[in-house]
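**Q** Okay, here's the prediction I keep looking at, along with the sequence it came from:
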Amino acid sequence: MRQIWIPKAGPPEVLELREAPDPLPAAGELRVRVEASGVNFADVMGRLGTYPDLPPMPVVPGYEVAGRVDAVGNEVETDWIGRDVLAFTRFGGYSDVVCAPEIQVHARPAGMSAAEGAALPVNYLTAWQLMVVMGSLKSGEWVLVHSAGGGVGIAAIQIAKRIGARVIGTASAGKHDLLKSMGVEACIDYRSEDFEARVAEITTGRGVELALDAVGGASFGKSYRSLAATGRLGMFGMSAAAPGKTRSLVAGLKALFRTRWIYTPMALMNENKGVFGVNLGHLWDEGDRVRAWFEELLRGYEDGSLRPVVSETFPFERAAEAHHYIQDRKNLGKVLLTP
């Protein structure tokens with residue numbers, strides 16, 4: 001098999017393509033011949049050496065794949081063999097062969113391509129947990145989606161429209177037309193506009209019921225202040241700590257310093273607001289619950305309300321370009337690697 005490794009922290013060019021023997025599925029596992037692997041910002045932070053959950057380097061990153069089952073271990077029915085699937089991987093997804101526990105493997109619905117399959121798991125589950133499980137978003141409510149053109153952002157837009165909620169999205173100006181065509185009611189150019197002031201203007205001073213923020217730093221405080229009474233802030237990352245192509249201790253400390261502790265227990269009670277965090281990678285031991293959430297997402301795919309948008313695909317040999325593409329904020333949707 002071929003795998004993409006992070007041998008050491010550094011710019012995208014540190015990624016290495018290596019060969020290794022094909023793995024054998026252990027008891028309870030399925031082996032998948034991978035057709036597409038998802039790329040996530042967590043992989044970028046892992047490459048920078050700033051992702052705390054990354055195993056010691058050298059390591060193969062990657063949380064999601066799509067492909068076809070070609071072998072199973074003991075305790076797994078052999079009728080899985082030959083089926084098109086998508087799967088969650090606890091790292092190791094940047095491989096053209098992976099083994100995964102059966103509970104983390106799902107049959108692909110009819111008509112779902114491998115690209116769509118690899119684009120669905122992490123982004124859509126993260127958005128679902130933020131908006132439905134913990135955010136309790138309701139029809140008619142406003143949601144502020146930061147980085148609306150990214151993988152989680154587009155998933156959030158589609159889920160919001162499925163619920164009947166109203167979306168405000170932040171993105172660079174060049175992405176606004178497409179986002180509006182997806183149902184975003186108001187777009188904010190984060191490069192030239194103060195999103196806190198614009199949210200107040202759009203909602204006539206009331207604020208939003210839910211804000212999804214993976215930027216961190218000062219953005220958390222601004223998103224919190226943009227909440228209406230009973231509003232909720234969902235935090236799921238801190239991209240402000242990784243602004244460049246190499247690790248920056250100064251940037252990380254600055255982002256942490258700018259994360260003001262304005263949402264103290266007394267402030268939350270007095271202002272009738274809520275704050276919560278999401279880290280899908282810490283739910284590996286909640287397999288049954290996560291599987292139930294994901295089955296609802298697959299039903300959304302089947303009824304046409306949820307459709308992954310693939311921005312660009314890169315062959316394994318160009319993995320560094322995929323990381324550059326994400327860090328340069330060129331993507332409008334999901335970025336994939338294809339063996």
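**A** Nice, thanks for sending it over.

**Q** Bridged to residue 213, which residues?
**A** With DSSP bridges as the criterion, residue 213 is bridged to residue 235.

**Q** Tell me which residues touch it, please.
**A** Contact partners of residue 213, counting by CB atoms under 8 Å, 6 or more residues apart in numbering, are 146, 219-220, 223, 233-236. C-betas here are computed from N, CA, C, even on glycine.

**Q** mind running it again at 10 Å?
**A** Applying CB atoms under 10 Å, 6 or more residues apart in numbering to residue 213 gives the contacts 130, 144-147, 170, 219-224, 226, 233-239.

**Q** now swap in residue 167 and tell me
**A** By CB under 10 Å, 6+ apart, the contact set of residue 167 is 142-145, 148, 153, 156-161, 179-180, 182-187, 208.

**Q** And stretch 162-181, what's buried?
**A** Buried residues in stretch 162-181, defined by neighbour count with 16 or more other CB atoms under 10 Å: 163, 165-172, 175-176, 178-179.

**Q** Pick out the most distant pair among those residues.
**A** Across the buried residues of stretch 162-181, the longest distance by CB to CB is 26.0 Å; it joins 163 and 172.

**Q** Let's see which of the buried residues of stretch 162-181 end up in helices.
**A** Among those, the residues falling in helices (DSSP state H) are 163, 176, 178-179.

**Q** From the residues you listed, pick the one nearest residue 95.
**A** residue 178 (32.0 Å).

**Q** Tell me who's in contact with that closest one.
**A** Residues counted as contacts of residue 178 (CB under 10 Å, 6+ apart) are 148-149, 154, 171, 184, 187, 309, 332-333.

**Q** likewise residue 311?
**A** Counting by CB under 10 Å, 6+ apart, residue 311 has contacts 119, 149-151, 154, 325-326, 330-336.

**Q** again, only this time at 6 Å
**A** 331-335 (CB atoms under 6 Å, 6 or more residues apart in numbering).

**Q** Let's see the pLDDT reported for it.
**A** Residue 311 is assigned 97 on the pLDDT scale.

**Q** Same check on the one 3 residues further on?
**A** Confidence per residue is given as pLDDT, and for residue 314 that number is 98.

**Q** Repeat that for the one 4 residues further on.
**A** At residue 318, the model reports a pLDDT of 98.

**Q** And residue 244, by the same measure?
**A** pLDDT, residue 244: 75.

**Q** What is the burial count for it?
**A** Neighbours of residue 244 under the rule other CB atoms under 10 Å: 10.

**Q** SS state for it?
**A** coil (DSSP: H, G, I helix; E, B strand; the rest coil).

**Q** give me the element residue 233 is part of.
**A** strand 227-235 (DSSP states H and E).

**Q** quick one: low-confidence ranges for this protein?
**A** Within the chain, the stretches with pLDDT under 70 are 241-242, 247-248, 250-262.

**Q** Mind jotting down where the helices sit in it?
**A** Ranges of helices in the chain, per DSSP H, are 41-48, 114-119, 121-128, 151-163, 176-181, 195-202, 218-225, 249-258, 265-271, 287-302, 319-327.

**Q** CA atoms of the fifth one as PDB?
**A** Going back to what we said before, that points to helix 176-181. In PDB, the C-alpha atoms belonging to helix 176-181 read as follows (Å, rounded to 0.1, in the frame of the first residue of the first chain):
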ATOM      1  CA  HIS A 176     -20.300  35.200  -1.800                       C
ATOM      2  CA  ASP A 177     -22.300  34.500  -5.000                       C
ATOM      3  CA  LEU A 178     -22.000  30.800  -4.800                       C
ATOM      4  CA  LEU A 179     -22.900  30.800  -1.000                       C
ATOM      5  CA  LYS A 180     -26.000  32.900  -1.700                       C
ATOM      6  CA  SER A 181     -27.000  30.400  -4.400                       C
END
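
**Q** check contacts around residue 284.
**A** Residues in contact with residue 284 (CB under 6 Å, 6+ apart) are residue 90.

**Q** Need the helices of the chain in TSV (columns: distance to residue 99).
**A** Below are the helices of the chain laid out as TSV (distance: least, CB to CB, whole Å):
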stretch	distance to residue 99
helix 41-48	19
helix 114-119	17
helix 121-128	16
helix 151-163	25
helix 176-181	38
helix 195-202	43
helix 218-225	38
helix 249-258	34
helix 265-271	44
helix 287-302	16
helix 319-327	21
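
**Q** Tell me which of these lies nearest to residue 4.
**A** Of all these, helix 319-327 comes closest under CB to CB, at 4.8 Å.

**Q** Next, the angle helix 151-163 makes with that closest one.
**A** With axes from the mean of the first three to the mean of the last three CA atoms, to 10 degrees as the basis, helix 319-327 and helix 151-163 are set at 50 degrees to each other.
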